[in-house]
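Enquirer: after the sequence you'll find the predicted model.
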Amino acid sequence: MSSSLHTALCEMLGCRYPIVQTAMGWVSDARLVAATGNAGGFGFLAGATIEPDQLEAEIRKVKELTDAPFGLNFHMFQPNAQDAINLAIKYRLRAVSYGRGPDASAIRRLKDAGVVCMPTVGAVKHAIKAVELGADVVTVQGGEGGGHTGSVPTTLLLPQVLDAVKVPVVAAGGFYDGRGLAAALAYGAAGIAMGTRFLMTAESPVPPATLARYVAVRDPVAIRVSYAIDGMPQRMIDNRYLSQLEQAGGLRRLLLALGTAQRWRKHTGMSWGQMLGTGLAALRGGDMSVAQTLMAANAPVLIQRAMVDGAPDEGVLPSGQAASAIGRIEPCGDVIARIVAEAEQRLAALTAHAPQ
């Protein structure tokens with residue numbers, strides 16, 4: 001590997017290449033995380049959708065499959081958030097990632113234990129706030145990325161964040177090949193983070209019927225932003241279920257949300273009181289409707305139908321626009337090796353054309 005690909009991110013995370021596999025709910029399991037690490041990248045385990053009593057076992061499974069360092073993703077609104085922090089420290093995980101993250105004291109506890117704190121943000125102000133709270137690295141996702149996303153493309157957001165913070169920045173949103181890695185490094189990023197690219201690998205747990213839907217999409221416009229789930233922008237592959245949600249009235253959305261609430265409550269171990277408290281807190285924090293609040297709390301169940309049950313037309317399909325440029329399913333090792341080779345070629349070509 002050329003020295004141009006050995007960045008500060010590699011030093012901090014202990015990986016060979018500055019390539020991060022993001023923590024996708026229902027997707028980033030032990031097998032995918034281990035395969036990423038074995039190929040030289042760095043994987044995050046999706047702790048937010050793993051059943052609370054199974055989280056420690058899944059961490060142990062990763063350790064059985066690889067000696068490579070890896071990280072854990074969690075959200076503070078999940079019932080076992082403190083357990084996730086405790087497990088990250090107990091097993092000396094290299095990093096944690098989060099969105100709506102822990103407070104400064106929890107971050108300090110993680111940092112004191114040697115755990116790298118690496119939140120994902122979608123706006124400059126959120127990047128600044130994350131660093132003020134103690135983040136060691138910031139992953140910035142542009143509007144091309146999947147799931148909850150903003151409206152600013154990576155090409156504009158990335159340089160703004162690089163100018164605003166003094167910690168290493170990882171670029172996400174629209175990356176899938178070595179040209180993208182070379183471009184991100186040229187901007188000044190310490191590496192790239194990819195979700196959809198790893199979702200579409202041989203080690204991904206996503207069922208074949210759902211993977212086929214991702215492979216089949218060729219038009220990036222068909223991977224669009226919708227507000228139908230919870231009133232916030234989410235990028236997904238267009239499908240029948242999404243259209244039904246968008247056409248449904250408020251009452252129907254409320255009934256759909258109530259229908260998924262019981263499944264998610266059982267999965268997380270929340271009591272009805274805890275779910276109600278979370279919903280009331282969300283309502284106090286913004287102008288979301290009751291239906292939107294419930295849908296936000298139960299969105300993982302809508303994703304589960306496609307990602308776990310293999311019913312792509314009965315759930316939602318979070319995806320970055322990069323899916324339209326990925327034509328086949330390959331092993332993680334092949335994907336990472338090709339990205340590294342392409343990036344090295346592009347950077348070498350740029351150097352060769354530089355004035356002496």
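Expert: On my side now, so go ahead.
Enquirer: only C-alpha atoms for contact and neighbour calcs from this point on.
Expert: Noted.
Enquirer: start and end of stretch 12-30, how far apart?
Expert: This stretch, stretch 12-30, spans 21 Å end to end (CA to CA, to the nearest Å).
Enquirer: residue ranges in the stretch 1-150 of the chain under the pLDDT threshold?
Expert: 1-2 (pLDDT under 70).
Enquirer: okay, how far is it across stretch 201-215, tip to tip?
Expert: 11 Å.
Enquirer: show me what counts as buried in it.
Expert: With burial defined by 16 or more other CA atoms under 10 Å, the residues of stretch 201-215 counted as buried are Thr201, Ala202, Glu203, Ser204, Pro205, Val206, Thr210, Leu211, Tyr214, Val215.
Enquirer: which one of these sits closest to Pro119?
Expert: Ser204 (23.0 Å; CA to CA).
Enquirer: now the closest one, nearest residue through space, not along the chain?
Expert: Leu32 (5.7 Å; CA to CA, 6 or more residues apart in numbering).
Enquirer: show me the contacts for the one you found.
Expert: Gly43, Phe198, Glu203, Ser204, Pro205 (CA atoms under 8 Å, 6 or more residues apart in numbering).
Enquirer: using the three-state scheme, assign it.
Expert: Put simply, Leu32 is helix when judged by DSSP: H, G, I helix; E, B strand; the rest coil.
Enquirer: distance-wise, check it relative to Leu45.
Expert: 9 Å.
Enquirer: for Ile192, give me the pLDDT.
Expert: At Ile192, the pLDDT value in this model is 98.
Enquirer: a strand runs through it, doesn't it?
Expert: Yes. Ile192: assigned to a strand according to three-state DSSP.
Enquirer: so the residue nearest to it when sequence neighbours are not counted, which state does it fall into?
Expert: Excluding the flanking residues, the one nearest Ile192 by CA to CA, 6+ apart is Ala171, at 4.7 Å. Look at Ala171: counting by three-state DSSP, its state is strand.
Enquirer: from the contacts of Leu32, pick the one nearest Gln54.
Expert: Pro205 (16.7 Å).
Enquirer: how near is Ile329 to Thr196?
Expert: Where Thr196 is concerned, Ile329 sits at a distance of 11 Å (CA to CA).
Enquirer: residues near Tyr187, how many?
Expert: For Tyr187, the neighbour count with other CA atoms under 10 Å is 14.
Enquirer: skip the chain neighbours and tell me the closest residue to it.
Expert: Pro159 (6.7 Å).
Enquirer: distance of that neighbour from Ala81?
Expert: 32 Å.
Enquirer: what mean pLDDT does the lengthiest helix in the chain have?
Expert: Ranked by residue count under DSSP state H, the longest helix found in the chain is helix 332-352. Mean pLDDT, helix 332-352: 96.
Enquirer: off-centre distance for that helix?
Expert: For helix 332-352, the gap between its own C-alpha mean and the chain's C-alpha mean amounts to 23 Å (CA atoms, centre = their mean, to the nearest Å).
Enquirer: how about stretch 9-29?
Expert: So, by CA atoms, centre = their mean, the centroid of stretch 9-29 is 10 Å from its chain's centroid.
Enquirer: ok, stretch 330-343 next?
Expert: Counting by CA atoms, centre = their mean, stretch 330-343 comes out at 19 Å from the chain centroid.
Enquirer: kindly report the same for stretch 304-319.
Expert: The answer for stretch 304-319 is 17 Å, by CA atoms, centre = their mean.
Enquirer: and for it, what's in contact with it?
Expert: 26-27, 145-147, 196, 205-210, 213, 223, 234-242, 302-303.
Enquirer: any regions of the stretch 251-356 of the chain where pLDDT drops low?
Expert: 251-298, 356.
Enquirer: Ile329 and Thr196: which is more packed in?
Expert: Taking other CA under 10 Å, Ile329 and Thr196 do not tie; Thr196 has more neighbours (26 against 19).
Enquirer: measure the more buried one to Gly143 for me?
Expert: Remark: distance between Thr196 and Gly143 (CA to CA) = 14 Å.
Enquirer: show me where the stretch 151-300 of the chain has strands.
Expert: 169-172, 191-194, 223-226, 234-237 (DSSP state E, counting those that start in this stretch).
Enquirer: just these: most buried one?
Expert: Comparing the strands of the stretch 151-300 of the chain by mean neighbour count (mean count of other CA atoms under 10 Å), strand 169-172 ranks first with a mean of 29.
Enquirer: where does Glu330 fall, phi/psi-wise?
Expert: Dihedral angles of Glu330 (phi, psi; degrees, to the nearest 10) stand at phi -130, psi 160.
Enquirer: which residues does it form a beta bridge with?
Expert: Thr201 (DSSP bridges).
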